Structures are given as structure tokens and as C-alpha cells.
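Chemist: Provided below are the primary sequence and the corresponding predicted coordinates.
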Amino acid sequence: MANLHFHYGAMGSSKSARLIITAYNFVRNNTPTEVIKPQFDSRFSSDKIVSRIGIETPALSLQNLHGFVPKPDTKVVLVDEVQFFSPADIDILVNIADAKNIIVMCYGLMVDSNETLFPASKRLIEVGAKLHFMESNCQMPGCMELATHHLRFDKNGNVVRAGEQFELGDSNFKSVCRQHFNMLYHKSGKGEKGGR
């Protein structure tokens, strides 16, 4: 079994819920497991991973992974919102997976709302993490295509094409298919205009 995994998908693809269920199953089977998250992600809790569907699990919140050493008996490390860590943090996870023979399972976003790889996600690809795409549907009304991209909107419904990509919350984001991304990002600029 591969020791380094990257479970990725658009917002709303149940990444955190899947991590929580995975943690529950490992713990139930008496597999020593650690759950970590970036300190940056404080939306719901500073010491838990919380899914929108109402389940949660305790987590260690870290600014970065420098100095993070799994406990001696740990067999699995689960990492939520991995895109908010740095490429150097990913290298630490690689060392944990390879040198300590610990299964490391990362969950997060692959690309930002400008269709650009997050640096940590890019590093996971570069180091050969096993990739697992988590499917969800486009959030544009009536569309049933696969969500692969994110659009960010301002308070007036205009597509935002610049600025800081490390942003919390999802009220101003939509997960969309490639067709809607190209239609709205490159052409109309209005969040709710344009059809399939």
C-alpha cells in the first residue's frame, strides 16, 4: 500500500467528512492515528475538524510542520486542508511516510480560484503522492457536470480574478465544472449570468 496519499476535490466534495470517517474507522480498529490541520483553518474550531454534514473529530492545529514528530506508535497521519501548508511541510510529510513507514493521507484542494495549483498540492504531485479524486457536481443551477474548478465572487456577484488565494469560508465560492469556469471566468464576469 502506498504510504503517501492526496485526496482532492472541489469544495463540497466531502473531503473533511471522508477524513473524519477514515479517522473513526482507524481508531475503531485500534490503529494509532493522528489528525492534524493547519492553524490557518479556524472556520469552525481551532482543535477539531468539522464537516458541514455535522460530524467532527479532534485535531492538532499547527502553523507548520517544522518540529512535528508523530508519536512512536502512530501508524497513520491524516492531514486536512493540506493546501494551506507549504511545500517544505509536504517534504516533512514525505519523510514521515518514507523514513517512519507511516501512512500519510492528505485531504484538500488541488487548484485555487484562478485555476492555479496550490504550492503544497503541486508539491504532493511532484513527490509522487497517490492521487484520489473526490467527485461532486457543479453548483451552477441545473448543471450536473463534474465540479473541477472554483469561482470566487465579490458581494455584487462579479467573478474575482486576482488577490490572495488563501481565504477561509465558502460563501463567496462556487464549485463549478470546467465549462462554467471558462464561460464565467474568461467571458461574462457575472456570477449568475450565462447558461450551459
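Modeler: Here it is on my side, so go on.

Chemist: go ahead and confirm Val76 touches Val35.
Modeler: No: using Cβ atoms under 8 Å as the test, Val76 is too far from Val35 to be in contact (9.1 Å). (Glycine included, C-beta is placed from N, CA and C.)

Chemist: pick out whichever of these two has more residues nearby.
Modeler: More neighbours surround Val35 than the other of Val76 and Val35, with 22 against 19 (other Cβ atoms under 10 Å).

Chemist: just confirm the more buried one is within a helix.
Modeler: No: assessed with DSSP: H, G, I helix; E, B strand; the rest coil, Val35 is strand; it does not lie in a helix.

Chemist: for it, name its beta-bridge partners.
Modeler: Val35 has these beta-bridge partners by DSSP bridges: Leu78.

Chemist: tell me the pLDDT of it.
Modeler: Looking at Val35, its pLDDT is 98.

Chemist: got a list of what it touches?
Modeler: Under the criterion of Cβ atoms under 8 Å, 6 or more residues apart in numbering, the contact list for Val35 reads 19, 23, 49, 57-60, 77-80.

Chemist: in helices, which of these appear?
Modeler: With helices taken from DSSP state H, the overlap with the contacts of Val35 comprises 19, 23.

Chemist: of the contacts of Val35, buried ones?
Modeler: For the contacts of Val35, a neighbour count by 16 or more other Cβ atoms under 10 Å gives the buried set as 19, 23, 49, 57, 59, 77-80.

Chemist: tell me the least confident of the residues you listed?
Modeler: In terms of pLDDT, the lowest of those is Ile49, showing 91.

Chemist: isn't that one right next to Arg18, touching?
Modeler: No: counting by Cβ under 8 Å, Ile49 does not reach Arg18; the two are 10.8 Å apart.

Chemist: closest to Asp112 among the buried ones among the contacts of Val35?
Modeler: Checking the buried ones among the contacts of Val35 against Asp112 by Cβ to Cβ gives Asp80 as the nearest, at 17.3 Å.

Chemist: what about the closest residue to that closest one other than its chain neighbours, neighbour count?
Modeler: Leaving out its chain neighbours, the residue that sits closest to Asp80 by Cβ to Cβ, 6 or more residues apart in numbering is Lys37, at 4.4 Å. Number of residues near Lys37 (other Cβ under 10 Å) recorded here: 26.
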